[in-house]
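Participant: this one's structure only:
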């Protein structure tokens, strides 16, 4: 949360981030990355693939600085940026803004006409062109985001139509981004004017209240209203818990769908409706005495997100045309600003008690984050010269900087030295650091929000406040150092696309192949990875990046990277740990991919097949091996040697593979798997 931050400080921070001479990226790419990170953090977008692209189609120019396709909503987002880097904020002429927007819109036409086989596209732009070309006929809406460090005088978000596709244009200048960052909210409030959007105000009932903390209203929303709102705002309508819930479990509820398609007039009777919170509401009383809602500010669905998404899906996928007959009951709670942060999360939590969504509390006030923040405040890196800064709530870093330094340049230098910006990280960063090393690259590839949801469920299941001790904190920072190192390597290689996927999968693969033997305490003490560690990341990453693309085949690479099948393929890569890194690893059984024998320290080269066999064994759980051994014993389909070996492997797996199977054990285990598969054994684990 940013309190009383000076606009000048914010503007200079944007310039400083974008004008980074040490970066491998251009100013415009850094600026695009910064602004899209803000939009992602506040739920405006899910992700953004940064790519500055210029082309000519006929007499027209095409220009984009980033893109993203949301498969669940068939929504293509295109980002176009203007970075002036002036000492003072300058106004951007409307004609220049409109010209950039038109050039961004030309992207679709360009993609339709370009021939990928002609060699007309460069390596840099190929991933974007290929990805959009694969899904271009599925796109139902396009969102253009115009981003600038200048000031826009007249630029209101608007809706257009082109060739039957809804086009939404969103304008984000420095002042709008600043207002969002300094608001202290977890989201940008959506303001809905019913008369302007739907041609009439919304009938409602006002509920008497015995408190001044909130007001209550009841209303009926037609299904087509919800479709229109979801089209424009998407998951922004959902409070964070609900948004995360939807990203985790996006399957359409078959009961909701059946009712909409077959009995739309009974939807009100069958469905529980929505719970909505709002910051402000404007009503009017008609001459007939009816109460109507004119405007709602801060519209957030805290219960019923599945209903909204299902109605939208019926409209787009099932082409349902009678959604005006679907009536959805809505409870609206207008919460006073003084209790907004306290009350809204509780309303969300308690209204979702029948759903899995309450498994984890995703707000910054969750005890896990509070305890972790305490650790970051009190633990300094070795040498006591600096510390890492955990930004539990947005903007805390700038708040701390201003409170410490005020207007003093000298104090500001002290703060920057003791708490350097490169050692600042957020809740979602923390989730990425942890999940990459936890061998969940497909989760990370699914996006910030999804990965954060999974991370918090993991923390909720496995950790209590007492577990967040100094050792846990230092280990997490070691993971952060690994991740940031991998990011710098990815920048050095200048991958034209899928950079984040290459980072996540390379880290996960190194974690997988070293099987817990990397000493994170050493990385914490040194505040850097070793030269040998760096070399392995550096040499592996291009190979991992290429393998992600190759194993995707004809599939969309971005979507392929989100699947567990992609991770299974990457684990089978024939990559070995260098001798230098092997010497740094913890003592214990030598790694299978190194090619050393456990006996007397004598070297023994393993074949590619040996390494692949061992990696396949390590992919399976203890439960899987136990069930296979029981099946083999009961059916007598497996020989005794197979049963004994896979029983042993079950104990290895139970102990998190602290002991690694030999190439001979792995060979027999794979033989047992082949036998079971030939007979038709169902491998459900």
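Facilitator: Alright, I've got the coordinates. If you're wondering where the values come from, they're calculated on a predicted model, not measured in any experiment.

Participant: Roughly how far does residue 7 sit from residue 128?
Facilitator: According to Cβ to Cβ, to the nearest Å, residue 7 stands 34 Å off from residue 128. The way it works is simple: take the backbone N, C-alpha and C, and place the C-beta from them, glycine included.

Participant: Comparing these two, which shows the higher neighbour count?
Facilitator: More neighbours surround residue 128 than the other of residue 7 and residue 128, with 24 against 13 (other Cβ atoms under 10 Å).

Participant: so what pLDDT did that one get?
Facilitator: Note on residue 128: pLDDT of 81.

Participant: swap in residue 295?
Facilitator: At residue 295, pLDDT is 94.

Participant: Could you verify my assumption that it touches residue 193?
Facilitator: Yes: with contact defined as Cβ atoms under 8 Å, residue 295 reaches residue 193; the gap is 5.1 Å.

Participant: The two: which has the busier surroundings?
Facilitator: Ranked by neighbour count (other Cβ under 10 Å), residue 295 and residue 193 place residue 295 first, with 20 against 13.

Participant: What residues of the helix or strand hosting that one count as buried?
Facilitator: Using DSSP states H and E, residue 295 falls within strand 291-297. Residues 291, 292, 293, 295, 296 are the ones in strand 291-297 that count as buried (16 or more other Cβ atoms under 10 Å).

Participant: again with stretch 164-171
Facilitator: In stretch 164-171, counting by 16+ other Cβ under 10 Å, buried: 166, 167, 168, 169, 170, 171.

Participant: out of these, which are inside strands?
Facilitator: Members of these lying in strands (criterion: DSSP state E): 166, 167, 168, 169, 170, 171.

Participant: Would you map the helices across the stretch 251-400 of the chain?
Facilitator: In the stretch 251-400 of the chain, the helices defined using DSSP state H, counting those that start in this stretch lie at 254-262, 267-270, 305-316, 340-351, 367-378, 396-405.

Participant: out of the ones you listed, nearest to residue 327?
Facilitator: Among the helices of the stretch 251-400 of the chain, helix 267-270 comes nearest to residue 327, with 4.3 Å by Cβ to Cβ.

Participant: how far does the closest one sit from the chain's center?
Facilitator: Relative to the centre of its chain, helix 267-270 is centred 34 Å away, using Cα atoms, centre = their mean, to the nearest Å.

Participant: separation between residue 383 and residue 556?
Facilitator: For residue 383, the distance to residue 556 equals 47 Å [Cβ to Cβ].

Participant: More neighbours: those two, which one.
Facilitator: Ranked by neighbour count (other Cβ under 10 Å), residue 383 and residue 556 place residue 556 first, with 18 against 8.

Participant: returning to what we had before: what's the most distant pair in the buried residues of stretch 164-171?
Facilitator: Using Cβ to Cβ, the two most remote members of those are 166 and 171, lying 17.1 Å apart.

Participant: Next, the contact list for the residue nearest the centre of the chain, please.
Facilitator: Among the residues of the chain, the one closest to the centroid is residue 448, at 1.5 Å (Cα atoms, centre = their mean). In this structure, residue 448 makes contact with 40, 41, 46, 47, 428, 431, 432, judged by Cβ atoms under 8 Å, 6 or more residues apart in numbering.
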